[in-house]
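A.B. asks: Coordinates for the following, if possible.
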Amino acid sequence: MKKPWALRPNDTIGIVAPAGPFVRESLEAGIDLLRSWGFNVCYRDEIFHHSRYLAGPDWVRAALINQMFADPGIRAILCAKAGYGSGRVIPLLNHTVIHRHPKIFVGYSDITLLLSYFLSCPRMITFHGPVVAGELYHGMSRQTASQLYDLLTGVDVPYPLLTHVEVIRSGTAEGRLVGGNLSRIIETIGTFYELRTQDTILFLEDTDIYIEDLDTMLVHLQAADKLASIRGIIIGMLREEGGRRLDAEAIGKLWDGLFHRRIPIIRTPKCGHGRLNLTLPLGAHVKINTGMRKVMLLESPVRTA
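C.D. replies: Numbering: from 1, shown residues only. As a prediction, this is how the structure comes out:
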């Protein structure tokens, strides 16, 4: 896996809008936080465009991502907002430029499509985490802020990625962390950036989803041979429409009904569409230990030298 360079003081972060539109004031609140951490921030005014439910035409959104990867002065790329439409820009991305210039890229929800693309094609470690016009602002959770900052600037390993997790099925497991929004992972199946799950720790989260939807999508993953060789499962926030969390016992029974391999399964409300949305480095090696109720990061996801 290609590792992007770690952020250092006075490095520049670029902002892109691969999916839906957003409120300018929310973006400015997130930018203020990034600047308070000692980083410079840049963006093009085109990110404020509206085109139906999208932040501008497909070619504009894709061009801005390509420009950020090509610009040697940009050391990291954060997404302004998620929503819908990230998959529309993937055919327009410059694979050669992205392959030659791996950079930190952060987003979640619909951005899962781009995260899967970066993992599959340039084979680049990427980050499932907060968006600038969403969770990033002064006064955000200290845990969310410190974990994002730590992972983007470099951490000593092993590093406690998740703690006090809820155990659905006990055990220990190691592997590369992959995954993201479950609905979008399903959409990657059959594409050239289809999520690869062999010998991995699979992370799943979603929102506005019912237990019947979860069952259907898990069966789809099983039929697509995406569950046969995973080593462990991390379930992030799974919310029904209206905000209620799905019941852990019901989730456990779904897995029991799908397969009987004794792999560890844990759950945490701290990742995904929730109040915290902690950052997870996709493509990096992690270890689940249900006895300690922890997920440990075993390698730094960024290059520091």
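
A.B. asks: Please pull out the lowest mean pLDDT helix or strand from the chain.
C.D. replies: Least confident helix or strand, the chain: helix 248-258 with a mean of 80, by mean pLDDT, DSSP states H and E.

A.B. asks: Give me the contacts around it.
C.D. replies: By Cβ atoms under 8 Å, 6 or more residues apart in numbering, the surrounding residues in contact with helix 248-258 are 166, 168-169, 211, 214-215, 218-219, 222, 227, 233, 235, 238, 265, 267. Heads up, the C-betas are built off the backbone N, CA and C, glycines and all.

A.B. asks: is it true that residue 92 touches residue 57?
C.D. replies: No. Using Cβ atoms under 8 Å, residue 92 makes no contact with residue 57, being 10.2 Å away.

A.B. asks: hmm, back to that, what strands line up against the helix or strand just after the least confident helix or strand of the chain, and which way round?
C.D. replies: Using DSSP states H and E, the helix or strand that follows helix 248-258 towards the C-terminus is strand 265-267. The pairing partners recorded for strand 265-267 under DSSP bridges are strand 166-169 (antiparallel), strand 232-238 (parallel).

A.B. asks: closest one to residue 144 among the ones you listed?
C.D. replies: Residue 144 lies closest to strand 232-238 among these, at 12.9 Å (Cβ to Cβ).

A.B. asks: Do a quick rundown of the helices in this protein.
C.D. replies: Per DSSP state H, the chain carries helices over the ranges 24-36, 58-70, 95-100, 112-120, 142-153, 182-188, 211-223, 248-258.

A.B. asks: what angle do the second one and helix 112-120 make?
C.D. replies: I take that to be helix 58-70. Inter-element angle recorded for helix 58-70 and helix 112-120: 40 degrees (by axes from the mean of the first three to the mean of the last three Cα atoms, to 10 degrees).

A.B. asks: Please name every helix or strand in contact with helix 58-70.
C.D. replies: Applying 3 or more Cβ pairs under 8 Å, 6 or more residues apart in numbering; DSSP states H and E, we find helix 58-70 packed against strand 12-16, strand 74-79, helix 95-100.

A.B. asks: again, only using 7 Å
C.D. replies: Packed against helix 58-70 by the contact rule (3 or more Cβ pairs under 7 Å, 6 or more residues apart in numbering; DSSP states H and E) you find strand 12-16, helix 95-100.

A.B. asks: again, but for the fourth one
C.D. replies: Secondary structure elements in contact with helix 112-120, counted by 3+ Cβ pairs under 7 Å, 6+ apart, are strand 104-107, strand 126-128, strand 172-181, helix 182-188.

A.B. asks: Put the alpha carbons of that helix into PDB.
C.D. replies: Presented in PDB, the C-alpha positions along helix 112-120 are these (Å, rounded to 0.1, in the frame of the first residue of the first chain):
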ATOM      1  CA  THR A 112     -16.700   5.600   0.500                       C
ATOM      2  CA  LEU A 113     -16.800   5.200  -3.300                       C
ATOM      3  CA  LEU A 114     -13.700   7.300  -3.600                       C
ATOM      4  CA  LEU A 115     -12.000   5.600  -0.700                       C
ATOM      5  CA  SER A 116     -12.600   2.200  -2.300                       C
ATOM      6  CA  TYR A 117     -11.200   3.500  -5.600                       C
ATOM      7  CA  PHE A 118      -8.000   4.800  -3.900                       C
ATOM      8  CA  LEU A 119      -7.600   1.500  -2.100                       C
ATOM      9  CA  SER A 120      -8.100  -0.600  -5.200                       C
END
